[in-house]
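Q: got a sequence here, can you model it:
(one chain, ligands or ions: 2)
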Amino acid sequence: MSLKGYKEIPDAGLILNAPTSIQNKTGSWRSMKPIFHEENCINCLFCWWYCPDSAIIIEDGKMKGINYDYCKGCGICVHECPGKKGNKALELVPEKE
Ligand code: SF4
Ligand code: SF4
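A: Numbering: from 1, shown residues only. Ligands and ions are numbered 1, 2, ... in the order given. All right, here's what the predicted structure looks like:
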């Protein structure tokens, strides 16, 4: 494969073939995963606001689950979830469970 010089490549910073992020299922990197306990959810949507991978599924303004194709298991949603009366609606467990 021959590499192009800097005068031959397109302007830097341009994404020429969007949406590549949808094709890249980053959930395969995960070693931990969040589990949703709906009975403790107050639908505050903090998890949706904080998830860096847009992996929280919302339907009709309510939290409905996690898109494991893209969730990387960072645990931010679990950390931010207030839950109901101190009982979190999200729990981080090892991927194999
Ligand atoms: S673990 Fe991280 S990537 Fe997965 S849903 Fe929670 S915040 Fe998003
Ligand atoms: S942060 Fe917790 S309580 Fe709030 S919507 Fe998400 S799962 Fe439900």
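Q: what residues does this protein put near ligand 1?
A: Taking CB under 6 Å from any ligand atom as the test, the list of the chain residues beside ligand 1 reads 34, 51, 53, 55-56, 66, 71-77. Where C-beta positions appear, they are placed from N, C-alpha and C, glycine not excepted.
Q: of the residues you listed, the lowest pLDDT goes to which?
A: Between the residues of the chain next to ligand 1, the one the model trusts least by pLDDT is Asp53, at 93.
Q: before we move on, back to that, narrow the residues of the chain next to ligand 1 to those in helices?
A: In helices, defined here by DSSP state H, the members of those are 76-77.
Q: and of the residues of the chain next to ligand 1, the nearest to Ala12?
A: Asp53 (24.9 Å; CB to CB).
Q: which of the residues of the chain next to ligand 1 fall within strands?
A: Using DSSP state E, 34, 56, 66 are the members of the residues of the chain next to ligand 1 that sit in strands.
Q: who wins for neighbours among those?
A: When those are compared by neighbour count (other CB atoms under 10 Å), Pro34 ends up highest, at 26 neighbours.
Q: for that one, list each beta-bridge partner.
A: On the basis of DSSP bridges, Pro34 takes part in beta bridges with Leu92.
Q: wait, it touches Leu92, no?
A: Yes. In this structure, Pro34 sits in contact with Leu92. The criterion is CB atoms under 8 Å, and the distance is 5.5 Å.
Q: overlap in contacts of these two?
A: Counting by CB atoms under 8 Å, 6 or more residues apart in numbering, the common neighbours of Pro34 and Leu92 are 73, 75, 78.
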